[in-house]
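S.K.: Predicted model follows, preceded by the sequence.
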Amino acid sequence: MSKNISISILSGKGGVGKTNIALNLGYALHSLEQKVVILDCDLGLANLNILLGLEPSKNIQDVLLGDSQPEEILISVEKNLDIIASTSGVLEILDLEEDIQFMVEERLQPLLSTYDFILLDLGAGIGASTLAFAAATSLRIIVITPEPTSLTDSYAVIKILKNNYGLKNFFIVVNSVSSEQEAKLSFQRLNTACEKFLGLSLLYLGWVHYDENVSRAIREQKPFQKFYSDSLAASDILKIGKKLLRLTENANSIKKGLSLVEGINKTKET
Ligand SMILES: Nc1ncnc2c1ncn2[C@@H]1O[C@H](COP(=O)(O)OP(=O)(O)OP(=O)(O)O)[C@@H](O)[C@H]1O
Ligand SMILES: [Mg+2]
């Protein structure tokens, strides 16, 4: 039986490393014998496929608009590791008619239910579709960097997800740092603000070194987790994957799958 845990990967500020973490965490979980699918849900600036040098002819929009079957948009990058691409611009999911929103649920969900982990690479910030996707998943990873703007923007995202969606559990990954100490300090700053003003504690999932191999892998359009598996960034991401696996192993209370309709309905209520 598949675990069927969906995780959205989001941030306040843009360019903090979400897409790279989604892709390489997908590879890490796959190396830990999990069946994984990574969905590019950045409907504004899609680039998951670019990190892999792929030019898919069909993407998530074709299913959302009803032109393709879900199976047709799956791209297998390894056995038991698939991606679903998106395309930049055009479609804002919340502009679709309500029956199409239900179709998303009905059409994508049966396919997604066969995976252990469903990773959603989201756009930055507080766009309506980003928040709806974030509320739709079993868990959420907020990617932060030590920059003050990243911390304040992350706080804003957490505040909205708590106040408008009642969400209280957030995993934090600190990216592009030079030491564990720096990572913990950034985490503590954000956590202190959340505890004081929102009454919630964040969960520290891990940190990733600033590592030149990340941009090298991007330029070569290869995932560093596979091609630079000895790099600092790859070993950090593997640690995060292992911790995630441990935390989700016996947690029966985790909501299964991806309930997009639930997220969209909540958006409408607010
Ligand atoms: N750990 C790291 N070490 C060095 N550079 C990094 C690291 N993580 C990310 N980067 C750099 O940051 C850039 C942005 O990364 P990425 O595209 O994954 O961010 P993003 O949060 O998905 O951006 P967007 O908000 O635009 O979707 C990359 O091109 C890369 O050069
Ligand atoms: Mg991105």
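M.R.: Everything's here; your move. Residues are numbered from 1 along each chain as shown. Ligands and ions are numbered 1, 2, ... in the order given.
S.K.: can you tell me if stretch 195-207 touches ligand 1.
M.R.: No - figure legend: stretch 195-207 not in contact with ligand 1 (C-beta under 6 Å from any ligand atom); closest approach 9.4 Å. Where C-beta positions appear, they are placed from N, C-alpha and C, glycine not excepted.
S.K.: Identify each buried residue in that stretch, please.
M.R.: By 16 or more other C-beta atoms under 10 Å, the buried positions in stretch 195-207 come out as 198, 202-207.
S.K.: The residues you listed into CSV, with extra columns for distance to residue 7, secondary structure and pLDDT?
M.R.: Formatted as CSV, the buried residues of stretch 195-207 follow (distance: C-beta to C-beta, whole Å; DSSP: H, G, I helix; E, B strand; the rest coil; pLDDT from 0 to 100):
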residue, distance to residue 7, secondary structure, pLDDT
198, 21, helix, 97
202, 15, coil, 98
203, 12, strand, 97
204, 16, strand, 98
205, 10, strand, 98
206, 14, strand, 98
207, 17, strand, 98
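S.K.: Could you count how many residues lie near the closest residue to residue 224 other than its chain neighbours?
M.R.: Take residue 224 and drop its neighbours on the chain: the residue closest to it by C-beta to C-beta, 6 or more residues apart in numbering is residue 217, 3.8 Å away. Residue 217 is flanked by 24 other residues according to other C-beta atoms under 10 Å.
S.K.: check which helix or strand covers residue 217.
M.R.: Applying DSSP states H and E as the criterion places residue 217 in helix 212-219.
S.K.: of the buried residues of stretch 195-207, closest to ligand 1?
M.R.: Within the buried residues of stretch 195-207, distances to ligand 1 taken as C-beta to the nearest ligand atom reach their minimum at residue 207, with 9.4 Å.
S.K.: So for stretch 138-155, what gets flagged as buried?
M.R.: Neighbour counts over stretch 138-155 (16+ other C-beta under 10 Å) mark 138-146, 150-151, 153-155 as buried.
S.K.: Counting neighbours, what do you get for residue 256?
M.R.: Neighbours of residue 256 under the rule other C-beta under 10 Å: 13.
S.K.: thought it was touching residue 4?
M.R.: Yes - when contacts are counted by C-beta atoms under 8 Å, residue 256 is listed as touching residue 4 (4.5 Å).
S.K.: any idea how far residue 233 is from residue 215?
M.R.: 10 Å (C-beta to C-beta, to the nearest Å).
S.K.: Quick check: the gap between the closest residue to residue 133 other than its chain neighbours and residue 196.
M.R.: Spatial nearest neighbour of residue 133, chain neighbours left out: residue 41 (5.1 Å); criterion: C-beta to C-beta, 6+ apart. Between residue 41 and residue 196 the computed distance is 31 Å (C-beta to C-beta).
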